[in-house]
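> Structure for this input, please:
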Amino acid sequence: MAPRRETPQASSTTHQAGKPSWLRRRLPPAGRAPAVRAALDGLATVCQEAACPNRPDCYGRGTATFLLLGPHCTRACTFCAVRHHAPRPPDPAEPRRVARAVARLGLAFCVLTMVSRDDLPDGGAEQVAATVAEIRRRCPGVGVELLISDLDGDPQALNTVLAARPEVLAHNLETVPRLYPTVRPQADYRRSLALLARAAAHPARPVVKSGLMLGLGEEQDEVLAVLDDLRAAGCTTLTLGQYLAPSPRHHPVVRYLSPEEFAELEAEARARGFRAVASAPYVRSSFRAGELYRHARGGDTGHAAHP
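Presented below is the predicted three-dimensional model:
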């Protein structure tokens, strides 16, 4: 890696100048996007609620990432576009509706994520497990990745989720510990690491996955320290992507990393023993998740095609 770079402040010329050339790209063909929207039939997706820049690509390929427990989150992370609002009670029909959408889309691998639900005693774990069970019932053989909240650090809630036996258990650290007070004020770095370690040690033996957004103000040595922490916790799959502020009200982009820097970080991750790595500006946690899972489970060192 190159020597440590000093990170410019949020008002830097880099930020004011707008997005660099490598972040400009053409919209992909519509492909299967109309069929995806029809299959979703009012279900929430993180693609829509988090304003994911890969939504046209994923919808065009006939896939989406389902957002369980409604579109409103009980936390107010400053990087996230998902709305902070008092949520409604879990919809008992949601597991059935999600499974029906998975069947209509003909998915071989699906990704379910969730909002943080600190208002619920189990953080929403039972609803997540029920959705996996319904998918298993209706769509035998479909692989499932769960991208979960920290469940407020409740081991029993995590056990409820893992008892559903997802192929992948993902939980994103998102950023380095120093930035948690400003970026994830209601989260705790060590609590998230402990969740990943418990998942890695669970008898269900899921592939354990995490991800970081870069450009929030972190330093390179801090990122490398997080990679070491993830490996020590048993995490084998990693995503690294460029943070893009959803609006002027959100945490600013402090720096845009170049594609070469992402390639360097991918090499660093592989050298640390991560089995599957996706590292590029437009990488997001659930992008090409099935490809990363196959690399991780197969034991070869690989990565998903970069967006």
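> List the backbone torsions phi and psi for Phe108.
To be clear, residue 108 is Ala; Phe isn't right here. Main-chain dihedrals, Ala108, degrees, to the nearest 10: phi -90, psi -20.
> What distance do you get for Ala99 to Ala271?
Per C-beta to C-beta, to the nearest Å, Ala99 is found 40 Å from Ala271. Every C-beta, even on glycine, is put in place using the N, C-alpha and C of the backbone.
> out of the two, which sits in the more crowded spot?
Counted by other C-beta atoms under 10 Å, Ala99 and Ala271 do not tie: Ala99 has more neighbours, with 23 against 9.
> What helix or strand is that one located in?
Using DSSP states H and E, Ala99 sits in helix 94-105.
> who does the helix or strand just after that helix touch, helix- and strand-wise?
Toward the C-terminus, helix 94-105 is succeeded by strand 109-114 as the next helix or strand (DSSP H and E). Secondary-structure packing of strand 109-114 (3 or more C-beta pairs under 8 Å, 6 or more residues apart in numbering; DSSP states H and E): strand 65-68, helix 125-138, strand 143-147, helix 289-298.
> Helix 289-298 and strand 109-114, what's the angle between them?
Angle of strand 109-114 versus helix 289-298, following axes from the mean of the first three to the mean of the last three C-alpha atoms, to 10 degrees, is 110 degrees.
> Just give me the longest strand of the chain.
Of all the segments of type strand in the chain, defined by DSSP state E, the longest one is strand 207-214.
> just checking, what packs against that strand?
strand 168-170, helix 189-201, helix 220-232, strand 237-242, helix 289-298.
> average pLDDT for it?
The average pLDDT for strand 207-214 rounds to 98.
> which residues touch it?
Strand 207-214 is touched from outside by 79, 145, 147, 167-176, 196, 199-200, 223, 226, 230, 233-243, 257, 262, 265, 284-285, 292-293, 296-297, with contacts defined as C-beta atoms under 8 Å, 6 or more residues apart in numbering.
> Can you flag the buried ones in the residues you listed?
79, 145, 147, 167-176, 196, 199-200, 223, 226, 230, 233, 235-243, 257, 262, 265, 284-285, 292-293, 296-297 (16 or more other C-beta atoms under 10 Å).
> Quick check: buried residues in stretch 47-66?
47-50, 52-60, 63-66.
> From Leu120, how far out is Leu193?
According to C-beta to C-beta, Leu193 and Leu120 sit 23 Å apart.
> wait, Val36
29 Å.
> The two: who's more crowded?
Val36 (22 against 19).
> Just confirm the more buried one is within a strand.
No - applying DSSP: H, G, I helix; E, B strand; the rest coil, one finds Val36 to be helix, outside a strand.
> That one contacts Arg104, correct?
No - judged on C-beta atoms under 8 Å, Val36 makes no contact with Arg104 at a distance of 9.3 Å.
> For Val183, list the residues it contacts.
Going by C-beta under 8 Å, 6+ apart, Val183 touches 77-79, 174-175, 216, 251.
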